[in-house]
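Participant: here is my input, please return the structure:
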Amino acid sequence: MAAHSPAGHPHRDASGRPLVAVTGLGIVSSLGHGQDATWTALTQGRSGIHAIARFPTDGLRTRIAGTVDFLDTDPLVAPALSERFARVAAEEAVAQAGLGSAGDFPGALFIAVPPVEMEWPQRKALAEACGGDGPVTYAGLQQAAASRSFDAWHDLFIFGTVADRIAERFGTKGSPISLSTACSSGATAIQLGVEAIRRGEMQAALCIGTDGSVNPESLIRFSLLSALSTQNDPPETASKPFSKNRDGFVMGEGAAALILEDAASAVARGAKILGYVLGCGEKGDGFHRTRSSPDGAPIIAAIRASLDDAGIGPEAIDTVNAHGTSTPENDRMEAMGLMAVFGEGAARIPVTSNKSMLGHTLTAAGAIEAVISLLTIRHGRIPPTINYTVPDPAIPLDIVTAARDVPVSRVLSNSFGFGGQNTCLVLGSEPA
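Facilitator: Presented below is the predicted three-dimensional model:
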């Protein structure tokens, strides 16, 4: 695969920046462990959404999710699950890239992790340790903590713990960067890796998005926001992005990892280049904590910024891997943004949403969908959006409903954060 910019500078883009190549991919999702399992299920239109078995759901309005039930931890809590998912995905990506050696990765770690806090079982145990039959007091909690019986939990629930443990396992260089920009987090982790390589600070980066936060409290909080689908039966049909009868998203979990390299360095060591991150665009939206700006300006700005960063126009995009959550407002706002940027071409560009099968993997979504976008380019096949049986006339897009075999050179992958941050990536098979 050639790696020359249009300006003729080897391994640099038209702006003179180092081209950022992808040499390793890893993924774990409710559809399976690894690229092959997830890709096969996606392109066959199989859903990973099912009834929750991890905890009782009696009395809950939403009782389904795309949990990764074939991997577990003790205790079964978000940071531990997020760490395990990240480790599994990173192992696949590092092995494919063949970069460095075991425990000695020659680059930095950028990892998107869910915001964490003590979960209900741990809070209950702390409360019980206060002793007595009276109310739980702050002094009682301090006394329980002073027993040092809960030190392991303290370490586990610190925000940077997942990054520290992944960095130690893979031997990444420098201080690991933990980040959380809501639903755009996974894409933001990739963007930070891209920018660091472009600045010449490093020749490689391990970028991960991970999320294992399907727990009772998260489910109830999203339910109280009326954000979740309540169409529990059958679970597989609940997530229906862009459909008129969509009623909310379905929680999912998993992780994805990408090995990014300065293209010149990757070529010099004889690495197989799987694709390029050609452009990144971001825009904050301060309109509301959980709603998008009504005029769609931040979404539009993020899409345009990614195209500008890649040095291409909208006509160069072959397909859109949409954020497509299946919530009434988010899907409408994303469609508005695409129509504003692509104009009349918006009705002709194929659009798909992986969340119809995976659910919304929250912090991990941007990274998982970036991996799927690169697999789309490699295989020349666009995965379908399942459950699209009642089109929404207010969203006149070309929604892919069955796997579509077409040449794909460039994908726009959208991640629009719940409450404000929008990050879009342009991924390609060749330099722009």
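Participant: surely Asp36 is within a helix?
Facilitator: Yes - the assignment for Asp36, made by DSSP: H, G, I helix; E, B strand; the rest coil, places it in a helix.
Participant: what does the strand or helix carrying Val351 contact?
Facilitator: With the criterion set as DSSP states H and E, the secondary-structure element containing Val351 is strand 350-352. Counting by CB atoms under 8 Å, 6 or more residues apart in numbering, strand 350-352 makes contact with 242, 318-322, 324, 338, 382-385, 397-400, 404, 406, all of which sit outside it. Every residue, glycine included, has its C-beta placed from N, CA and C.
Participant: and what of stretch 124-139?
Facilitator: Applying CB under 8 Å, 6+ apart, the contact partners of stretch 124-139 are Met118, Gly140, Leu141, Gln143, Ala144, Ala145, Ser147, Ser149, Phe150.
Participant: in helices only, show me the contacts of strand 350-352.
Facilitator: With helices identified by DSSP state H, the entries of the contacts of strand 350-352 that belong to them are Leu338.
Participant: before we move on, the earlier item: which among the contacts of stretch 124-139 gets closest to Ala297?
Facilitator: Met118 (38.0 Å; CB to CB).
Participant: any idea how far that closest one is from Pro383?
Facilitator: From Met118 over to Pro383 the distance is 37 Å, taken as CB to CB, to the nearest Å.
Participant: quick check: longest helix in this protein by residues?
Facilitator: helix 78-97.
Participant: partners of the helix or strand just after it, with directions?
Facilitator: Helices and strands here follow DSSP H and E; after helix 78-97, the next one along the chain is strand 108-112. Using DSSP bridges, the strands paired with strand 108-112 are strand 177-179 (parallel), strand 204-211 (parallel).
Participant: quick check: angle from strand 108-112 to helix 78-97?
Facilitator: Computed by axes from the mean of the first three to the mean of the last three CA atoms, to 10 degrees, the angle separating strand 108-112 from helix 78-97 equals 130 degrees.
Participant: what about the helices in the stretch 51-200 of the chain?
Facilitator: For the stretch 51-200 of the chain, helices defined by DSSP state H, counting those that start in this stretch occupy the ranges 78-97, 120-129, 138-146, 151-156, 161-170, 185-198.
Participant: of these, which is nearest Ser415?
Facilitator: helix 185-198 (4.0 Å).
Participant: can I get that closest one as CSV, trimmed to CA atoms?
Facilitator: Included here for helix 185-198 are C-alpha records, laid out as CSV according to Å, rounded to 0.1, in the frame of the first residue of the first chain:
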residue,chain,number,x,y,z
SER,A,185,-14.5,9.2,24.5
GLY,A,186,-13.2,6.4,22.3
ALA,A,187,-12.9,8.6,19.3
THR,A,188,-11.2,11.3,21.5
ALA,A,189,-8.6,8.8,22.6
ILE,A,190,-7.8,8.1,19.0
GLN,A,191,-7.6,11.8,18.2
LEU,A,192,-5.1,12.4,21.1
GLY,A,193,-2.9,9.7,19.7
VAL,A,194,-3.1,11.1,16.2
GLU,A,195,-2.2,14.6,17.4
ALA,A,196,0.8,13.4,19.4
ILE,A,197,2.2,11.5,16.4
ARG,A,198,1.6,14.5,14.2
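Participant: buried set for it?
Facilitator: 185-194, 196-198 (16 or more other CB atoms under 10 Å).
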